[in-house]
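In: structure for the following, please:
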Amino acid sequence: MSADTNLSNQRAFFNADISAPAFKKHLIRNSLLREVMRSPKKLILIQAPPGYGKTSFMKQIMDAVASPSLWLNIRQSDNDPMNLLHKFNSALALASVSGEDEDDPVTGVSVHQTSGFSSSSISLWTRSLIEHMNKHPKLFIFLNDADFLDTDDATAVINLLLQASHAGIRLCLTSSSNVHVSYSHLLIENQVTEVTQDDLCFSRQDIQAMFALYQGPELNDETAKQLT
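Out: Purely as a prediction, here's the structure:
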């Protein structure tokens, strides 16, 4: 395999990490979506065990918002904070909201350029990225599988983003277990919307809509209720 082919495969793999998945014929959770979107908060936390449709529902939120959006699929490798910062910067570029600021020190960082950086320099890079984001009146950031971030340096990036970004920048996180980021200050300020596994369970109307979506038999209320 040629070097160009390897580079192309690596680029395609990385782009998949900063692109939202494409769902075909998936059920739109209209009732839950309206409830979440009714009261805009700084942080939306979607937390449930695997198989509850967290990613699908977060994609529905992304499709519903009018502001520019970034999508990051979090991996274990993102516990290296420089990987995480590069992924954020690449997502900004992919969304065509990064602008033409040639002085942005995050632009062009290689995911392999991770050695030799102290915690203080990582903080400076993070603040620079946040300043860049803060230039946009509205920006929605989606982090899929945010519970993979479990090192102090990586979670510090998200903590600083939650603290230093302006009110127009909102975050949505999915998690199968407890997230390691700090958002207690947002809870105090009533700036957190929590979506739990109970919220993601299908209602009677959801089940009837799903059967209709896949051209199954029409369910009466009693049968749909038994399936909830």
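
In: next up, phi/psi of residue 46, please.
Out: Residue 46 adopts backbone torsions of phi -100, psi 110, taken as degrees, to the nearest 10.

In: and it, what does it touch?
Out: Taking C-beta atoms under 8 Å, 6 or more residues apart in numbering, we find residue 46 in contact with 54, 57, 58, 172, 173, 174, 175, 195, 200. The way it works is simple: take the backbone N, C-alpha and C, and place the C-beta from them, glycine included.

In: with residue 32 instead?
Out: Residues in contact with residue 32 (C-beta under 8 Å, 6+ apart) are 57, 195, 199, 200.

In: buried residues, the helix or strand where the third one lies. List them.
Out: Applying DSSP states H and E as the criterion places residue 199 in helix 197-200. Along helix 197-200, the positions that meet the burial threshold by neighbour count (16 or more other C-beta atoms under 10 Å) are 199, 200.

In: looking at this, residue 70 is in a strand?
Out: Yes: using DSSP: H, G, I helix; E, B strand; the rest coil, the secondary structure at residue 70 is a strand.

In: give me the pLDDT for it.
Out: At residue 70, the model reports a pLDDT of 95.

In: quick check: closest non-adjacent residue to it.
Out: Distance criterion C-beta to C-beta, 6 or more residues apart in numbering; nearest residue to residue 70, sequence neighbours excluded, is residue 91 at 4.2 Å.

In: what's the following helix or strand after whichever helix or strand the one you found is part of?
Out: Under the criterion of DSSP H and E, residue 91 resides in helix 81-94. As assigned by DSSP H and E, the chain's next helix or strand after helix 81-94 is helix 119-133.

In: spatially nearest residue to residue 195, not counting backbone neighbours?
Out: Using C-beta to C-beta, 6+ apart, the closest residue to residue 195 is residue 46 (4.4 Å).

In: again, but for residue 145
Out: residue 74 (4.7 Å).

In: and the closest residue to residue 77 other than its chain neighbours, how far is that from residue 38?
Out: Using C-beta to C-beta, 6+ apart and skipping residues adjacent in sequence, the residue nearest residue 77 is residue 83, 5.4 Å away. Here residue 83 is placed at a distance of 36 Å from residue 38 (C-beta to C-beta, to the nearest Å).
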